[in-house]
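> Take this sequence and fold it.
(2 chains)
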Amino acid sequence: MPDKAPFNLDGDYYSSRFSELSKGEGDTLILNLGPQHPSTHGVLRVIVELDGEYVKRAEPVLGYIHRMHEKMAEIKTYVQYLPNMGRVDYLHALAWNWAYVGAVEKLMELEVPGRAEYIRVITCELNRISSHLLWWGAYVLDLGGFTPILYAFDDRELLMDILQLPTGSRLTYCYYRFGGVSADLTETFMTRTRNFIERFKTRIPMYHDLVTGNMILRGRCEEIGALPVEMARRYGATGPVLRGSGVPYDVRRMEPYSVYDKLEFDVPVGQNGDAMDRYDVRMAELEQSIRIIEQALNRIPDGPFINPDVPDRIFPPKGEVYFAVEGARGKIGVYLVSDGTARPYRLKLRAPGYSNLHVFAELAQGTILADAVSILGSLDLVIPEIDR
Amino acid sequence: MTQILQLLTNPLVYLLVALVAILTFIALNGLILVYVERKVAGFVQRRPGPYEVGPHGLLQPVADALKLVGKQLVMPRGADRILYWAAPLLSFAPVAVCLLPIPFGPNLAGLDVNLGLLLVLAFSGLNVLALCLAGWGSNSKYALLGAARAVAQSVAYEIPLLLSVLSVAFISGSLNFAEITASQTRGLLSWNVFSQPLAFFIFFVSALAETNRAPFDLPEAESELTAGFHTEYSGMGFGLFFLAEYSYMIVVSAVASVLFLGGWSGPFLSGPWWMLGKIYALILAMMWFRWTYPRVRFDQLLNICWKWLIPLSLINLLGTAFMINLVR
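Okay, the predicted model is just below:
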């Protein structure tokens, strides 16, 4: 065994800079969580300074799964870039589909047929349910409960089967097109979705019985990581993280797009902004999504599922546009600058997870290591979306 | 034949035979519990569990064991060689001694000593030393944190464990397992669990914490510390810790059966099968908890101990002593 390690045991730039900042503050331990760690969900890296079990400082380090999605847009035509959108956030891929397609439609002032709008609402909400289910399972897993994630996957499997029918894929969907969607919904899809809804309505109370009321779980969530409204605003947190703090900001309600203004649904909010509130908000959103899907299934009109006037190659007019949709993790925004050619001049993606993550550094200060993990889980982070 | 039986009357030979029998039991039990745990997990999670190796996956634990034995023994750079390899052995070795004084049947104990209870408690306390060495010797921050948690947890939970055991000793007036069992052979209602339900509850909760089983598996909390004190171990180093964990489950379940559930005595056909049945019923309950509950937090764990279990067990002990005096 050689005496000298072939790699630097003292850490890299981030950890050494982090250690320098802590000099002279007493006897602390610098612990590197990730980028390969069971509770960082992918390749997030967090450096924490521990005083015993207490977290004195925490700092997320990003960039381990940066794939240059924004830069890629500049060298691809508008249509070629569509599949990228399913890979930014693989858990709620359809919302990203929608944000990009919606931005181009807004710029070109394309008309979307009524049927296509309802198809988008139904599929997007189904995708939201599958995303929330995975978060639910993974969060309880973070808290040490092994079993719930398998129950969640049981339901999620059905959802993926359903979404596979029109989209052809199970996770990284590329389904929405400029002016509509790529395939119509079949009768099989409708019956399977209705069956799923009936089944899921009995599953939600079971989830609450099995997990939500559990004393240990409540002890791990209540009054943990309370996020004040002022702080949420400061970091630009959106989605269930913001709504957990009591701000009823939901893009579907505040800046309605598509047919959301014709559908009835509530925007669930929390009170204290702690991990339990974020948990409750997401669980309530499952029910609201079911409500939206039911209404949409009953109202879906006949007609074309895509605008036939949209050409194969599109050249949006010169100009810039911003379009936002509500993803499972918050506000997904696409800012698009077009110079009139076949490729975007610049595309900026606003990932909700990026803003939500940075709340963590401040929330984790002074908590116990186990609470920091609980807070990290309650933010529902998808790292590929944050790094883009 | 008679000569061999004659040989067994020699206490040293008897002890040796008992030790071999116990080690065989532990090894077999490890294989069985691996299978049972995975099947129980599968049942709780509505999936079949291991199914591929052998009929209904029955040979899965053998495959697992072979894999563990066949793995290279890896030690992290900068680890303390002696402490690092001593820890898994030290964790596993006391188990055999812990099972020696336990009466599996009317005359079926490896070592019939007057202080059997004390022997078990003393030797099971060695486990925490092993975890401490493993954490310190691995030269890893995760392992060190896991070891620190293990020490705090074990030290705290040993107190309610002792206090709840003491109240049974008060009733039976003995620390000898055979005598404690004998006092519970007068029917189902003479079992100590009916006269000492609180002590049984406290004992079981503390035993869960002592054996690092969920929801008190903080020393190896995988979502925080990846694997806690055994993060750096692989192959048989990990295998021994694993075997030790299952063996300690047997030890605490056996002690609980003897102290509270009448040991080998049953409402009919008393014998070793009752003892085994009780042990495995308790282990099944422990597995059920593991696959159902989330993990408690470190400070919550200590709060449960210092604020609830210790005062409750003290009150229970004083109450027991008072009642015994009253009856006399």
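> how about low-confidence regions in the chain?
Here I'm looking at chain A. A:1-13, A:15-26, A:39-40 (pLDDT under 70).
> Chain B was what I was after
Ranges of chain B meeting pLDDT under 70: B:1, B:110, B:221-223.
> near chain A, which residues of it show up?
Counting by C-beta under 8 Å from any C-beta of the partner chain, the residues of chain B close to chain A are B:41, B:44-47, B:77, B:141-142, B:145, B:149, B:214-215, B:217, B:221-224, B:226, B:290-300. C-beta: built from backbone N, CA, C; applies to glycine.
> Spatially central residue for chain A, please.
In chain A, the residue lying closest to the centroid (C-alpha atoms, centre = their mean) is residue A:329, at 3.5 Å.
> and the host helix or strand of residue A:58, what does it pack onto?
Secondary structure from DSSP states H and E places residue A:58 in strand A:54-61. Where contact means 3 or more C-beta pairs under 8 Å, 6 or more residues apart in numbering or on different chains; DSSP states H and E, strand A:54-61 is packed against helix A:13-21, strand A:45-51, helix A:352-363, helix A:369-378.
> next one: it to chain centre, how far?
Centre-to-centre, strand A:54-61 and its host chain are 23 Å apart (C-alpha atoms, centre = their mean, to the nearest Å).
> With just CA atoms, put that strand into PDB.
Provided in PDB are the C-alpha atoms of strand A:54-61 (Å, rounded to 0.1, in the frame of the first residue of the first chain):
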ATOM      1  CA  TYR A  54     -25.900  20.100  15.900                       C
ATOM      2  CA  VAL A  55     -25.500  21.600  12.500                       C
ATOM      3  CA  LYS A  56     -23.700  25.000  12.700                       C
ATOM      4  CA  ARG A  57     -23.500  25.700   9.000                       C
ATOM      5  CA  ALA A  58     -24.600  23.900   5.900                       C
ATOM      6  CA  GLU A  59     -23.800  24.700   2.300                       C
ATOM      7  CA  PRO A  60     -25.100  23.000  -0.800                       C
ATOM      8  CA  VAL A  61     -22.700  22.400  -3.600                       C
END
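> Three-state assignment for the residue of chain A found nearest chain B, please.
Closest to chain B within chain A is residue A:144: 2.7 Å, counting by C-beta to the nearest C-beta. With DSSP: H, G, I helix; E, B strand; the rest coil as the basis, residue A:144 sits in coil.
> pretty sure it contacts residue B:297?
No. Residue A:144 lies out of contact with residue B:297 (C-beta atoms under 8 Å); the separation is 9.7 Å.
> In stretch A:355-362, which residues are buried?
Neighbour counts over stretch A:355-362 (16 or more other C-beta atoms under 10 Å in any protein chain shown) mark A:355-360 as buried.
> would you list the helices and strands packed on strand A:54-61 in a markdown table and tack on distance to chain B?
As requested, the helices and strands packed on strand A:54-61 are arranged in a markdown table below (distance: least, C-beta to the nearest C-beta, whole Å):
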| stretch | distance to chain B |
| --- | --- |
| helix A:13-21 | 12 |
| strand A:45-51 | 8 |
| helix A:352-363 | 15 |
| helix A:369-378 | 5 |
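> what sits against residue B:144?
Residues near residue B:144 by C-beta atoms under 8 Å, 6 or more residues apart in numbering or on different chains: B:135-136, B:138.
> and whatever residue of the stretch 51-200 of chain B ends up closest to chain A, how far is that from residue A:43?
In the stretch 51-200 of chain B, the residue that lies nearest chain A is residue B:141 (5.3 Å; C-beta to the nearest C-beta). Remark: distance between residue B:141 and residue A:43 (C-beta to C-beta, to the nearest Å) = 20 Å.
> Which residues of the stretch 151-300 of chain A lie near chain B?
Contact residues, the stretch 151-300 of chain A versus chain B (C-beta under 8 Å from any C-beta): A:151, A:154, A:214, A:216-217, A:219-220.
> among those residues, which two are most distant?
Spanning the widest gap among these are A:154 and A:219, at 26.7 Å by C-beta to C-beta.
> For residue A:110, find the nearest of the helices and strands packed on strand A:54-61.
Residue A:110 lies closest, by C-beta to C-beta, to one member of the helices and strands packed on strand A:54-61: helix A:352-363, at 25.6 Å.
> Can you check what angle separates the closest one from strand A:54-61?
150 degrees (axes from the mean of the first three to the mean of the last three C-alpha atoms, to 10 degrees).
> which secondary structure elements does helix A:352-363 contact?
So helix A:352-363, by 3+ C-beta pairs under 8 Å, 6+ apart, packs with strand A:54-61, helix A:229-235, helix A:369-378, helix A:383-387.
> most tightly surrounded among these?
helix A:369-378 (a mean of 27; mean count of other C-beta atoms under 10 Å in any protein chain shown).
> coming back round to it: any chance of the contacts of residue B:144 in JSON lines, with neighbour count and secondary structure too?
Shown next, in JSON lines, are the contacts of residue B:144 (neighbours: other C-beta atoms under 10 Å in any protein chain shown; DSSP: H, G, I helix; E, B strand; the rest coil):
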{"residue": "B:135", "neighbour count": "30", "secondary structure": "helix"}
{"residue": "B:136", "neighbour count": "19", "secondary structure": "helix"}
{"residue": "B:138", "neighbour count": "27", "secondary structure": "coil"}
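> Identify, from the residues you listed, the entry nearest to residue A:182.
Nearest to residue A:182 among these is residue B:138, at 53.8 Å by C-beta to C-beta.
> what's near enough to touch the residue in the stretch 1-150 of chain B that chain A sits nearest to?
Closest residue of the stretch 1-150 of chain B to chain A, C-beta to the nearest C-beta: residue B:45 (4.2 Å). By C-beta under 8 Å, 6+ apart, the contact set of residue B:45 is A:146-147, A:150-151, B:291.
> for it, phi and psi?
Backbone torsions of residue B:45, given as degrees, to the nearest 10, read phi -90, psi 10.
> is it true that residue A:322 touches residue A:103?
Yes. At 7.2 Å, residue A:322 counts as touching residue A:103 under the criterion of C-beta under 8 Å.
> related to what we said a few turns ago, and the buried residues of stretch A:355-362, which two are the farthest apart?
By the measure C-beta to C-beta, A:355 and A:360 form the most distant pair in these, at 10.9 Å.
> Please report phi then psi for residue B:31.
phi -60, psi -50.
> Might you report the residue contacts of it?
Residue B:31 neighbours (C-beta under 8 Å, 6+ apart): B:61-62, B:65.
> likewise residue B:23?
Applying C-beta under 8 Å, 6+ apart to residue B:23 gives the contacts residue B:96.
> how much space between it and residue B:93?
Residue B:23 is 10 Å from residue B:93, where distance means C-beta to C-beta.
> Find the nearest non-adjacent residue to residue A:135, please.
Spatial nearest neighbour of residue A:135, chain neighbours left out: residue A:380 (4.6 Å); criterion: C-beta to C-beta, 6 or more residues apart in numbering or on different chains.
> wait, isn't that neighbour in contact with residue A:281?
No. Look at residue A:380 against residue A:281 with C-beta under 8 Å: they stay out of range, at 10.4 Å.
> quick one, what contacts residue A:346?
Residue A:346 sits in contact with A:70, A:73-74, A:335-337, where contact means C-beta under 8 Å, 6+ apart.
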